[in-house]
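J.: sequence and computational prediction follow.
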Amino acid sequence: MTGKKVLLVSVGGSPAPVVYTINQHRPEYVIFFASRDSREKAVAEVLPNLDYRPRDHQFIVTPNEQDLEACARALLQELPKTLDVWRLGFDDLGADYTGGTKTMSAAVVLALSRRVESFSYVGGIERDKAGLGVVIDGREQMLYCRNPWDTMAVDTLREMALLFNRCRFQSVMDRAREAARRADARRPFFEAMAFVSEGFYCWDAFEYRNGMKQLKRGESMLRDLTAMVGDSPAKRFHGDVAECLSVLGKVVEELDALSVPMGGGEARPAIDGRRLLADLVANAVRRADVEHRYEDAVARLYSAIEKMAKVRLRVAHDIDNSRVAPDRIPDPVKRGDWVRRCAEEGAGSALKLPLFKSFELLHDLGDPLGKAFRCREEELKKILDVRNKSLVAHGFEPVRSKTYEKMLAIALDFLGAGKDALPRFPLMDSDWFFS
(Lines give C-alpha, C1' and ligand atoms only; values in the text may rest on other atoms or scores of the structure.)
Protein backbone atom coordinates (compact mmCIF):
# COMPACT_ATOMS: atom_id res chain seq x y z
CA MET A 1 0.00 0.00 0.00
CA THR A 2 3.00 2.31 0.35
CA GLY A 3 3.29 4.93 -2.33
CA LYS A 4 -0.31 6.14 -2.20
CA LYS A 5 -0.72 9.90 -2.43
CA VAL A 6 -3.41 10.03 0.25
CA LEU A 7 -3.61 8.24 3.59
CA LEU A 8 -6.84 8.00 5.58
CA VAL A 9 -5.95 7.34 9.18
CA SER A 10 -8.32 6.88 12.11
CA VAL A 11 -7.36 8.82 15.23
CA GLY A 12 -7.97 7.86 18.85
CA GLY A 13 -6.55 8.71 22.22
CA SER A 14 -3.00 7.55 21.52
CA PRO A 15 -1.14 9.76 19.02
CA ALA A 16 2.04 7.66 18.76
CA PRO A 17 0.75 4.97 16.34
CA VAL A 18 -0.83 7.66 14.15
CA VAL A 19 2.48 9.54 13.96
CA TYR A 20 4.26 6.26 13.24
CA THR A 21 1.98 5.17 10.37
CA ILE A 22 2.05 8.60 8.68
CA ASN A 23 5.85 8.72 8.88
CA GLN A 24 6.05 5.20 7.44
CA HIS A 25 3.68 5.87 4.54
CA ARG A 26 4.79 9.47 3.93
CA PRO A 27 1.72 10.42 1.88
CA GLU A 28 1.39 13.81 0.22
CA TYR A 29 -2.05 14.28 1.74
CA VAL A 30 -3.52 13.05 5.04
CA ILE A 31 -7.17 12.62 5.96
CA PHE A 32 -7.75 12.27 9.71
CA PHE A 33 -10.89 10.31 10.63
CA ALA A 34 -11.56 11.54 14.14
CA SER A 35 -14.09 12.11 16.85
CA ARG A 36 -14.57 15.61 18.20
CA ASP A 37 -12.08 14.90 21.00
CA SER A 38 -9.46 13.10 18.94
CA ARG A 39 -9.52 15.88 16.34
CA GLU A 40 -7.93 18.20 18.88
CA LYS A 41 -5.34 15.56 19.72
CA ALA A 42 -4.39 15.22 16.06
CA VAL A 43 -3.82 18.96 15.81
CA ALA A 44 -1.88 19.22 19.05
CA GLU A 45 0.07 15.93 19.19
CA VAL A 46 0.20 14.34 15.72
CA LEU A 47 0.92 17.05 13.18
CA PRO A 48 3.74 18.72 15.20
CA ASN A 49 5.52 15.37 15.70
CA LEU A 50 5.69 14.22 12.06
CA ASP A 51 9.22 14.04 10.63
CA TYR A 52 8.03 15.65 7.37
CA ARG A 53 5.29 18.09 6.33
CA PRO A 54 2.42 16.75 4.14
CA ARG A 55 1.22 19.09 1.41
CA ASP A 56 -2.22 19.28 2.99
CA HIS A 57 -4.49 17.58 5.50
CA GLN A 58 -8.24 17.43 6.13
CA PHE A 59 -10.50 16.09 8.87
CA ILE A 60 -13.57 13.89 8.66
CA VAL A 61 -15.27 14.03 12.05
CA THR A 62 -17.80 11.39 13.02
CA PRO A 63 -20.83 12.67 14.95
CA ASN A 64 -20.75 9.55 17.14
CA GLU A 65 -17.62 7.42 17.51
CA GLN A 66 -19.67 4.55 19.02
CA ASP A 67 -22.23 4.33 16.19
CA LEU A 68 -21.10 2.18 13.26
CA GLU A 69 -23.70 3.56 10.86
CA ALA A 70 -22.86 7.18 11.75
CA CYS A 71 -19.12 6.53 11.28
CA ALA A 72 -19.57 4.76 7.94
CA ARG A 73 -21.97 7.42 6.68
CA ALA A 74 -19.52 10.20 7.53
CA LEU A 75 -16.77 8.46 5.55
CA LEU A 76 -18.97 7.63 2.57
CA GLN A 77 -20.30 11.17 2.36
CA GLU A 78 -17.10 13.14 2.98
CA LEU A 79 -14.32 11.06 1.44
CA PRO A 80 -15.29 11.70 -2.21
CA LYS A 81 -15.59 15.44 -1.52
CA THR A 82 -12.21 15.58 0.19
CA LEU A 83 -10.45 13.66 -2.57
CA ASP A 84 -12.10 15.87 -5.16
CA VAL A 85 -10.62 18.99 -3.54
CA TRP A 86 -7.18 17.57 -4.33
CA ARG A 87 -8.36 16.29 -7.74
CA LEU A 88 -7.58 12.73 -6.69
CA GLY A 89 -9.59 9.52 -6.51
CA PHE A 90 -9.86 6.29 -4.56
CA ASP A 91 -7.04 4.74 -6.58
CA ASP A 92 -4.77 7.26 -4.84
CA LEU A 93 -6.03 6.35 -1.36
CA GLY A 94 -4.55 4.12 1.32
CA ALA A 95 -6.14 3.48 4.73
CA ASP A 96 -4.90 2.74 8.23
CA TYR A 97 -7.39 1.69 10.91
CA THR A 98 -5.13 1.60 13.98
CA GLY A 99 -6.50 4.54 15.95
CA GLY A 100 -9.93 5.49 17.19
CA THR A 101 -12.64 3.34 18.71
CA LYS A 102 -13.19 -0.19 17.49
CA THR A 103 -16.35 1.11 15.85
CA MET A 104 -14.37 3.74 13.93
CA SER A 105 -11.85 1.10 12.78
CA ALA A 106 -14.66 -1.15 11.64
CA ALA A 107 -16.24 1.74 9.73
CA VAL A 108 -12.98 2.44 7.88
CA VAL A 109 -12.79 -1.15 6.64
CA LEU A 110 -16.51 -1.32 5.88
CA ALA A 111 -16.66 1.96 3.97
CA LEU A 112 -13.54 1.20 1.92
CA SER A 113 -14.06 -2.54 1.40
CA ARG A 114 -14.68 -2.02 -2.32
CA ARG A 115 -12.45 1.01 -2.76
CA VAL A 116 -8.89 0.22 -1.66
CA GLU A 117 -6.57 -2.69 -2.36
CA SER A 118 -5.12 -3.05 1.14
CA PHE A 119 -5.14 -1.69 4.67
CA SER A 120 -2.43 -1.03 7.22
CA TYR A 121 -2.37 -1.41 10.96
CA VAL A 122 0.23 -0.48 13.55
CA GLY A 123 0.95 -3.46 15.76
CA GLY A 124 3.96 -3.93 17.93
CA ILE A 125 6.55 -6.27 19.27
CA GLU A 126 5.92 -5.18 22.85
CA ARG A 127 2.77 -4.08 24.74
CA ASP A 128 2.09 -2.93 28.27
CA LYS A 129 -0.14 -4.77 30.77
CA ALA A 130 1.78 -8.01 30.33
CA GLY A 131 1.34 -7.97 26.56
CA LEU A 132 -2.40 -7.31 26.64
CA GLY A 133 -2.43 -3.51 26.53
CA VAL A 134 -1.43 -0.93 23.97
CA VAL A 135 1.82 -0.96 22.00
CA ILE A 136 4.67 0.66 23.89
CA ASP A 137 5.91 3.83 22.19
CA GLY A 138 8.96 3.10 20.11
CA ARG A 139 8.09 -0.61 19.75
CA GLU A 140 5.60 -0.19 16.89
CA GLN A 141 5.51 -2.49 13.90
CA MET A 142 3.83 -1.72 10.55
CA LEU A 143 1.46 -4.45 9.37
CA TYR A 144 -0.22 -4.64 5.96
CA CYS A 145 -3.17 -6.78 4.87
CA ARG A 146 -4.85 -7.26 1.55
CA ASN A 147 -8.45 -6.18 1.31
CA PRO A 148 -10.37 -9.44 1.94
CA TRP A 149 -13.19 -8.22 -0.30
CA ASP A 150 -10.66 -8.24 -3.14
CA THR A 151 -8.97 -11.53 -2.30
CA MET A 152 -12.24 -13.32 -1.49
CA ALA A 153 -14.29 -11.29 -4.00
CA VAL A 154 -17.46 -11.83 -1.95
CA ASP A 155 -19.53 -9.04 -3.47
CA THR A 156 -18.16 -9.64 -6.95
CA LEU A 157 -19.18 -13.29 -6.87
CA ARG A 158 -22.67 -12.40 -5.75
CA GLU A 159 -23.03 -9.75 -8.43
CA MET A 160 -21.70 -12.12 -11.07
CA ALA A 161 -24.15 -14.84 -10.03
CA LEU A 162 -27.09 -12.44 -10.11
CA LEU A 163 -26.11 -11.09 -13.53
CA PHE A 164 -25.23 -14.50 -14.99
CA ASN A 165 -28.56 -15.96 -13.96
CA ARG A 166 -30.30 -13.02 -15.66
CA CYS A 167 -28.37 -13.58 -18.89
CA ARG A 168 -26.38 -10.35 -18.46
CA PHE A 169 -23.26 -12.05 -19.73
CA GLN A 170 -21.45 -8.93 -20.93
CA SER A 171 -21.60 -7.50 -17.41
CA VAL A 172 -20.34 -10.78 -15.96
CA MET A 173 -17.39 -10.68 -18.35
CA ASP A 174 -16.49 -7.16 -17.22
CA ARG A 175 -16.64 -8.05 -13.53
CA ALA A 176 -14.74 -11.31 -13.98
CA ARG A 177 -11.89 -9.55 -15.77
CA GLU A 178 -11.69 -6.83 -13.12
CA ALA A 179 -11.78 -9.43 -10.34
CA ALA A 180 -9.01 -11.42 -12.05
CA ARG A 181 -6.86 -8.31 -11.93
CA ARG A 182 -7.40 -7.78 -8.20
CA ALA A 183 -7.95 -11.23 -6.66
CA ASP A 184 -4.63 -13.03 -7.06
CA ALA A 185 -5.62 -16.27 -5.37
CA ARG A 186 -8.75 -16.68 -7.47
CA ARG A 187 -7.46 -15.28 -10.73
CA PRO A 188 -7.75 -18.64 -12.60
CA PHE A 189 -11.40 -18.97 -11.62
CA PHE A 190 -12.31 -15.45 -12.74
CA GLU A 191 -10.38 -15.88 -15.98
CA ALA A 192 -12.34 -19.08 -16.62
CA MET A 193 -15.62 -17.30 -15.87
CA ALA A 194 -14.71 -14.53 -18.32
CA PHE A 195 -14.42 -17.11 -21.11
CA VAL A 196 -17.55 -18.98 -19.99
CA SER A 197 -19.57 -15.78 -19.89
CA GLU A 198 -18.32 -14.69 -23.28
CA GLY A 199 -19.27 -18.09 -24.65
CA PHE A 200 -22.84 -17.82 -23.42
CA TYR A 201 -23.00 -14.18 -24.52
CA CYS A 202 -22.13 -15.19 -28.08
CA TRP A 203 -24.46 -18.19 -27.96
CA ASP A 204 -27.32 -15.98 -26.76
CA ALA A 205 -26.60 -13.60 -29.66
CA PHE A 206 -26.67 -16.50 -32.20
CA GLU A 207 -22.88 -16.27 -32.70
CA TYR A 208 -22.71 -20.02 -32.29
CA ARG A 209 -19.23 -20.75 -33.59
CA ASN A 210 -17.47 -18.04 -31.59
CA GLY A 211 -19.56 -19.02 -28.59
CA MET A 212 -18.34 -22.59 -28.84
CA LYS A 213 -14.72 -21.40 -29.12
CA GLN A 214 -14.93 -19.31 -25.95
CA LEU A 215 -16.97 -21.90 -24.07
CA LYS A 216 -14.40 -24.59 -24.84
CA ARG A 217 -11.66 -22.48 -23.27
CA GLY A 218 -13.72 -21.70 -20.19
CA GLU A 219 -14.92 -25.29 -19.76
CA SER A 220 -11.35 -26.61 -19.98
CA MET A 221 -10.16 -24.15 -17.33
CA LEU A 222 -13.08 -24.99 -15.02
CA ARG A 223 -12.40 -28.70 -15.48
CA ASP A 224 -8.80 -28.24 -14.32
CA LEU A 225 -9.88 -26.09 -11.36
CA THR A 226 -12.47 -28.59 -10.14
CA ALA A 227 -10.63 -31.81 -10.98
CA MET A 228 -9.57 -32.48 -7.38
CA VAL A 229 -12.78 -31.22 -5.79
CA GLY A 230 -15.55 -33.48 -4.55
CA ASP A 231 -19.22 -32.81 -5.10
CA SER A 232 -19.70 -29.05 -4.82
CA PRO A 233 -21.61 -26.23 -6.49
CA ALA A 234 -18.49 -25.33 -8.50
CA LYS A 235 -18.07 -28.88 -9.79
CA ARG A 236 -21.75 -29.13 -10.65
CA PHE A 237 -21.54 -25.83 -12.50
CA HIS A 238 -18.65 -27.20 -14.55
CA GLY A 239 -20.73 -30.27 -15.35
CA ASP A 240 -23.58 -28.06 -16.53
CA VAL A 241 -21.21 -26.00 -18.69
CA ALA A 242 -19.76 -29.17 -20.22
CA GLU A 243 -23.27 -30.43 -21.00
CA CYS A 244 -24.16 -27.09 -22.61
CA LEU A 245 -20.98 -27.24 -24.68
CA SER A 246 -22.07 -30.64 -26.01
CA VAL A 247 -25.50 -29.23 -26.92
CA LEU A 248 -23.94 -26.24 -28.64
CA GLY A 249 -21.67 -28.52 -30.63
CA LYS A 250 -24.71 -30.34 -32.02
CA VAL A 251 -26.41 -27.01 -32.82
CA VAL A 252 -23.33 -25.87 -34.75
CA GLU A 253 -23.21 -29.22 -36.56
CA GLU A 254 -26.81 -28.75 -37.74
CA LEU A 255 -26.18 -25.13 -38.69
CA ASP A 256 -23.18 -26.15 -40.79
CA ALA A 257 -25.23 -28.84 -42.53
CA LEU A 258 -28.08 -26.45 -43.30
CA SER A 259 -25.62 -23.88 -44.64
CA VAL A 260 -24.52 -26.18 -47.47
CA PRO A 261 -26.17 -24.91 -50.71
CA MET A 262 -28.85 -27.16 -52.14
CA GLY A 263 -28.39 -28.69 -55.56
CA GLY A 264 -24.61 -28.34 -55.53
CA GLY A 265 -23.98 -32.05 -55.71
CA GLU A 266 -22.32 -32.10 -52.27
CA ALA A 267 -23.29 -34.78 -49.80
CA ARG A 268 -25.16 -33.28 -46.85
CA PRO A 269 -25.13 -34.82 -43.35
CA ALA A 270 -28.35 -36.52 -42.30
CA ILE A 271 -29.82 -34.04 -39.81
CA ASP A 272 -33.34 -32.99 -38.93
CA GLY A 273 -32.56 -29.50 -37.59
CA ARG A 274 -34.43 -30.10 -34.34
CA ARG A 275 -31.55 -29.03 -32.09
CA LEU A 276 -31.12 -25.73 -33.91
CA LEU A 277 -34.87 -25.09 -33.88
CA ALA A 278 -35.13 -25.99 -30.19
CA ASP A 279 -32.33 -23.55 -29.45
CA LEU A 280 -34.17 -20.75 -31.25
CA VAL A 281 -37.25 -21.44 -29.12
CA ALA A 282 -35.09 -21.58 -25.98
CA ASN A 283 -33.67 -18.17 -26.85
CA ALA A 284 -37.21 -16.81 -26.97
CA VAL A 285 -37.97 -18.39 -23.60
CA ARG A 286 -34.96 -16.65 -22.03
CA ARG A 287 -36.12 -13.30 -23.37
CA ALA A 288 -39.55 -13.82 -21.79
CA ASP A 289 -38.92 -15.80 -18.61
CA VAL A 290 -35.65 -14.16 -17.58
CA GLU A 291 -35.90 -10.65 -19.02
CA HIS A 292 -39.69 -10.25 -19.47
CA ARG A 293 -39.12 -8.85 -22.96
CA TYR A 294 -42.17 -10.30 -24.68
CA GLU A 295 -41.76 -8.32 -27.92
CA ASP A 296 -38.34 -9.90 -28.43
CA ALA A 297 -39.60 -13.31 -27.37
CA VAL A 298 -42.47 -13.28 -29.87
CA ALA A 299 -40.17 -12.08 -32.66
CA ARG A 300 -37.85 -15.01 -31.98
CA LEU A 301 -40.75 -17.46 -31.85
CA TYR A 302 -41.97 -16.17 -35.21
CA SER A 303 -38.49 -16.76 -36.65
CA ALA A 304 -38.35 -20.24 -35.10
CA ILE A 305 -41.78 -21.22 -36.51
CA GLU A 306 -40.84 -19.87 -39.92
CA LYS A 307 -37.61 -21.89 -39.88
CA MET A 308 -39.47 -25.02 -38.80
CA ALA A 309 -41.25 -25.01 -42.15
CA LYS A 310 -38.10 -24.05 -44.05
CA VAL A 311 -35.99 -26.76 -42.42
CA ARG A 312 -38.65 -29.47 -42.82
CA LEU A 313 -39.07 -28.70 -46.52
CA ARG A 314 -35.33 -28.88 -46.95
CA VAL A 315 -34.42 -31.99 -44.95
CA ALA A 316 -37.55 -34.07 -45.58
CA HIS A 317 -38.49 -33.04 -49.11
CA ASP A 318 -35.33 -31.53 -50.60
CA ILE A 319 -37.14 -28.23 -51.27
CA ASP A 320 -35.71 -24.74 -50.77
CA ASN A 321 -38.68 -22.53 -49.91
CA SER A 322 -36.87 -19.47 -51.29
CA ARG A 323 -36.71 -21.10 -54.75
CA VAL A 324 -39.49 -23.64 -55.26
CA ALA A 325 -39.90 -25.16 -58.70
CA PRO A 326 -43.62 -25.14 -59.65
CA ASP A 327 -43.60 -28.86 -60.41
CA ARG A 328 -42.88 -29.56 -56.71
CA ILE A 329 -46.36 -28.28 -55.79
CA PRO A 330 -48.66 -31.34 -55.81
CA ASP A 331 -51.96 -29.42 -55.98
CA PRO A 332 -52.41 -28.32 -59.63
CA VAL A 333 -54.87 -25.57 -58.71
CA LYS A 334 -52.46 -24.01 -56.18
CA ARG A 335 -49.60 -24.54 -58.59
CA GLY A 336 -51.30 -22.48 -61.27
CA ASP A 337 -52.36 -19.80 -58.80
CA TRP A 338 -48.86 -19.45 -57.31
CA VAL A 339 -47.21 -19.40 -60.75
CA ARG A 340 -49.56 -16.60 -61.88
CA ARG A 341 -48.76 -14.61 -58.73
CA CYS A 342 -45.03 -15.03 -59.30
CA ALA A 343 -45.44 -13.83 -62.88
CA GLU A 344 -47.39 -10.79 -61.72
CA GLU A 345 -44.70 -9.99 -59.13
CA GLY A 346 -41.87 -10.53 -61.60
CA ALA A 347 -40.41 -13.33 -59.48
CA GLY A 348 -39.46 -15.52 -62.44
CA SER A 349 -40.02 -19.24 -62.63
CA ALA A 350 -39.04 -20.02 -59.01
CA LEU A 351 -41.54 -19.47 -56.21
CA LYS A 352 -40.53 -17.82 -52.92
CA LEU A 353 -42.86 -19.05 -50.22
CA PRO A 354 -43.54 -17.06 -47.03
CA LEU A 355 -44.46 -18.68 -43.72
CA PHE A 356 -48.07 -19.67 -44.36
CA LYS A 357 -47.41 -20.81 -47.95
CA SER A 358 -44.50 -22.96 -46.74
CA PHE A 359 -46.75 -24.69 -44.24
CA GLU A 360 -49.48 -25.09 -46.87
CA LEU A 361 -46.97 -26.84 -49.13
CA LEU A 362 -46.00 -29.16 -46.26
CA HIS A 363 -49.69 -29.93 -45.74
CA ASP A 364 -50.17 -30.69 -49.42
CA LEU A 365 -47.13 -32.98 -49.32
CA GLY A 366 -48.74 -34.93 -46.48
CA ASP A 367 -46.09 -33.87 -43.98
CA PRO A 368 -47.04 -34.18 -40.25
CA LEU A 369 -45.82 -30.64 -39.60
CA GLY A 370 -48.16 -29.35 -42.29
CA LYS A 371 -51.03 -31.20 -40.64
CA ALA A 372 -50.11 -29.74 -37.24
CA PHE A 373 -50.08 -26.29 -38.83
CA ARG A 374 -53.53 -26.78 -40.31
CA CYS A 375 -54.89 -27.56 -36.84
CA ARG A 376 -53.38 -24.37 -35.36
CA GLU A 377 -53.63 -22.10 -38.41
CA GLU A 378 -56.46 -19.85 -37.27
CA GLU A 379 -54.99 -19.50 -33.78
CA LEU A 380 -51.59 -18.60 -35.23
CA LYS A 381 -53.17 -15.99 -37.50
CA LYS A 382 -54.82 -14.30 -34.52
CA ILE A 383 -51.53 -14.25 -32.57
CA LEU A 384 -49.63 -12.80 -35.51
CA ASP A 385 -52.33 -10.19 -35.93
CA VAL A 386 -51.72 -9.10 -32.32
CA ARG A 387 -47.99 -9.00 -32.98
CA ASN A 388 -48.48 -6.90 -36.12
CA LYS A 389 -50.38 -4.34 -34.07
CA SER A 390 -47.51 -4.01 -31.57
CA LEU A 391 -45.30 -0.96 -31.12
CA VAL A 392 -42.31 -2.53 -32.87
CA ALA A 393 -44.47 -3.56 -35.83
CA HIS A 394 -47.35 -1.49 -37.23
CA GLY A 395 -49.40 -0.50 -34.22
CA PHE A 396 -49.23 0.99 -30.75
CA GLU A 397 -49.95 -1.90 -28.37
CA PRO A 398 -47.22 -3.74 -26.45
CA VAL A 399 -47.06 -7.52 -26.70
CA ARG A 400 -48.37 -9.11 -23.50
CA SER A 401 -47.19 -12.26 -21.79
CA LYS A 402 -50.46 -13.97 -22.80
CA THR A 403 -49.60 -13.58 -26.49
CA TYR A 404 -46.13 -15.00 -25.87
CA GLU A 405 -47.52 -18.00 -23.98
CA LYS A 406 -49.94 -18.83 -26.80
CA MET A 407 -47.25 -18.55 -29.45
CA LEU A 408 -44.83 -20.62 -27.38
CA ALA A 409 -47.44 -23.38 -27.10
CA ILE A 410 -47.75 -23.46 -30.91
CA ALA A 411 -43.97 -23.50 -31.38
CA LEU A 412 -43.58 -26.38 -28.93
CA ASP A 413 -46.44 -28.25 -30.63
CA PHE A 414 -44.76 -27.88 -34.04
CA LEU A 415 -41.42 -28.87 -32.52
CA GLY A 416 -42.96 -31.91 -30.86
CA ALA A 417 -41.26 -31.18 -27.54
CA GLY A 418 -42.08 -29.87 -24.09
CA LYS A 419 -40.58 -26.75 -22.57
CA ASP A 420 -38.41 -28.86 -20.26
CA ALA A 421 -36.73 -30.45 -23.29
CA LEU A 422 -35.34 -27.12 -24.53
CA PRO A 423 -31.65 -26.27 -23.99
CA ARG A 424 -31.06 -24.56 -20.65
CA PHE A 425 -28.19 -22.33 -19.62
CA PRO A 426 -26.66 -23.21 -16.23
CA LEU A 427 -27.23 -21.21 -13.07
CA MET A 428 -24.34 -19.79 -11.07
CA ASP A 429 -24.17 -20.16 -7.28
CA SER A 430 -22.63 -17.15 -5.51
CA ASP A 431 -21.71 -19.19 -2.40
CA TRP A 432 -19.28 -21.59 -4.08
CA PHE A 433 -16.35 -20.61 -1.84
CA PHE A 434 -18.26 -19.77 1.31
CA SER A 435 -20.47 -22.77 2.02
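T.: Right, received. Where do you want to start?

J.: skip the chain neighbours and tell me the closest residue to residue 104.
T.: residue 10 (4.9 Å; CB to CB, 6 or more residues apart in numbering). C-beta here means a position set from N, CA and C on the backbone, and glycine is covered the same way.

J.: read off the pLDDT value for that neighbour.
T.: Note on residue 10: pLDDT of 94.

J.: what number of residues lie near it?
T.: Residue 10 has 31 neighbours, counted by other CB atoms under 10 Å.

J.: just for this protein, where's the confidence low?
T.: Residues of the chain meeting the criterion pLDDT under 70: 1-2, 124-144, 146-152, 184, 263-269, 333, 341-349, 393, 395, 430-435.

J.: ok so, going back, quick one, phi/psi of the residue nearest to residue 104?
T.: phi -80, psi 140 (degrees, to the nearest 10).

J.: that one against residue 98, yeah?
T.: Yes: between residue 10 and residue 98 there is a contact under CB atoms under 8 Å: 6.8 Å.

J.: what sits in contact with each of the two?
T.: Applying CB atoms under 8 Å, 6 or more residues apart in numbering, one finds that residue 10 and residue 98 are jointly contacted by residue 105.

J.: need the next SSE after the longest helix along the chain, C-terminal direction.
T.: Secondary structure of the chain per DSSP state H: the longest helix is helix 233-259. Using DSSP states H and E, the helix or strand that follows helix 233-259 in sequence is helix 274-285.

J.: which elements pack onto that following helix?
T.: In terms of contacts (3 or more CB pairs under 8 Å, 6 or more residues apart in numbering; DSSP states H and E), helix 274-285 is packed against helix 233-259, helix 294-317, helix 401-415.

J.: got the buried residues for the longest helix of the chain?
T.: Using 16 or more other CB atoms under 10 Å as the test for burial, helix 233-259 gives 234-235, 237-238, 241, 244-245, 247-248, 251-252, 254-255, 257-258.

J.: ok, residue 6 - contacts?
T.: Going by CB under 8 Å, 6+ apart, residue 6 touches 27, 28, 29, 30, 31, 83, 86, 88, 92, 93, 94.

J.: got JSON lines for these, with secondary structure and distance to residue 301 too?
T.: As requested, the contacts of residue 6 are arranged in JSON lines below (DSSP: H, G, I helix; E, B strand; the rest coil; distance: CB to CB, whole Å):
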{"residue": "27", "secondary structure": "coil", "distance to residue 301": "60"}
{"residue": "28", "secondary structure": "coil", "distance to residue 301": "61"}
{"residue": "29", "secondary structure": "strand", "distance to residue 301": "59"}
{"residue": "30", "secondary structure": "strand", "distance to residue 301": "62"}
{"residue": "31", "secondary structure": "strand", "distance to residue 301": "57"}
{"residue": "83", "secondary structure": "helix", "distance to residue 301": "51"}
{"residue": "86", "secondary structure": "coil", "distance to residue 301": "56"}
{"residue": "88", "secondary structure": "coil", "distance to residue 301": "53"}
{"residue": "92", "secondary structure": "helix", "distance to residue 301": "52"}
{"residue": "93", "secondary structure": "strand", "distance to residue 301": "51"}
{"residue": "94", "secondary structure": "strand", "distance to residue 301": "55"}
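
J.: ok, of those residues, which one's closest to residue 299?
T.: Residue 299 lies nearest to residue 83 out of these, by CB to CB, at 47.2 Å.

J.: what segments of the stretch 51-200 of the chain are helices?
T.: Listed in chain order, the helices of the stretch 51-200 of the chain (DSSP state H, counting those that start in this stretch) span residues 68-85, 102-111, 128-131, 148-151, 154-165, 169-182, 187-204.

J.: against residue 255, how distant is residue 211?
T.: For residue 211, the distance to residue 255 (CB to CB, to the nearest Å) stands at 11 Å.

J.: do you know how far the residue nearest to residue 358 when sequence neighbours are not counted is from residue 379?
T.: Counting by CB to CB, 6+ apart, the nearest residue to residue 358 once its immediate chain neighbours are dropped is residue 309, at 3.8 Å. The gap separating residue 309 from residue 379 is 16 Å, by CB to CB.

J.: try residue 63
T.: Relative to residue 379, and taking CB to CB, residue 63 is found at 66 Å.

J.: name the residues of stretch 413-423 that are buried.
T.: For stretch 413-423, the neighbour count (16+ other CB under 10 Å) marks 414, 415, 422, 423 as buried.

J.: residue 280 is in contact with residue 302, isn't it?
T.: No: Residue 280 is beyond contact range of residue 302, at 10.2 Å (criterion: CB under 8 Å).

J.: looking at the two, which has the bigger crowd around it?
T.: Applying other CB under 10 Å to residue 280 and residue 302 shows that residue 280 carries more neighbours, namely 21 against 18.

J.: now do the contacts for that one.
T.: Counting by CB under 8 Å, 6+ apart, residue 280 touches 300, 303, 304, 307.

J.: count of neighbours near the nearest residue to the first one once chain neighbours are set aside?
T.: In other words, residue 300. What sits nearest to residue 300 in space, not counting adjacent residues and going by CB to CB, 6+ apart, is residue 284, at 3.7 Å. Residue 284: 26 surrounding residues under other CB under 10 Å.
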